[in-house]
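S.K.: here is the input, now give the coordinates:
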Amino acid sequence: MHALDAKSRTRAWVALVLGLAGIAVLPAAIEVARRSKRIGLLDAGYAIPLAFLLGLLAFVMARRAKRNLQWLQLREGRTGIASVAVFVGALALCLSLAAALSVGFYGLFVAYQHSR
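M.R.: Sure, this is the predicted structure:
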């Protein structure tokens, strides 16, 4: 096994874990807010940048790993984890952006209500 192959495989697995963490951060923050008397639901929005960062890191790492594995001209099936990690990273990015838009529109709605 080539050294770049081993590095790329490790990078793909790390990217997958980071992407899954990026997806899990938002529901975990909501659950913490639901169970806590001191943390409100809007306070869970502070987890959005973390989810975005984890998703972005996962996406970039997975794309690089997949490109390296394809460059080594390995069988297509050997890039499976990297392909899944790209998808999971992109999903984490999309969910964090949707959450940011939701919180932003809610803030605009509240501001509009108070201005009337």
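
S.K.: now the closest residue to residue 72 other than its chain neighbours: which helix or strand?
M.R.: In this structure, residue 72 finds its nearest non-sequential neighbour in residue 5, 5.7 Å apart by CB to CB, 6 or more residues apart in numbering. Bear in mind the C-beta positions are built from the backbone N, C-alpha and C, glycine included. Counting by DSSP states H and E, the element that carries residue 5 is helix 3-35.

S.K.: and for residue 48?
M.R.: Taking DSSP H and E as the definition, residue 48 sits inside helix 48-71.

S.K.: quick one: average pLDDT of that helix?
M.R.: Computed over helix 48-71, the mean pLDDT rounds to 91.

S.K.: just stretch 10-21 next, same as before
M.R.: Stretch 10-21 comes out with an average pLDDT of 94.

S.K.: just stretch 93-101 next, same as before
M.R.: Averaged across stretch 93-101, pLDDT comes to 96.

S.K.: now that stretch: how far from the chain's centre is it?
M.R.: Chain-centre distance of stretch 93-101: 9 Å, with CA atoms, centre = their mean, to the nearest Å.

S.K.: what comes up buried for the helix holding residue 5?
M.R.: Neighbour-count burial for helix 3-35 flags 8-9, 11-16, 18-23, 25-26, 29, 33 (criterion: 16 or more other CB atoms under 10 Å).
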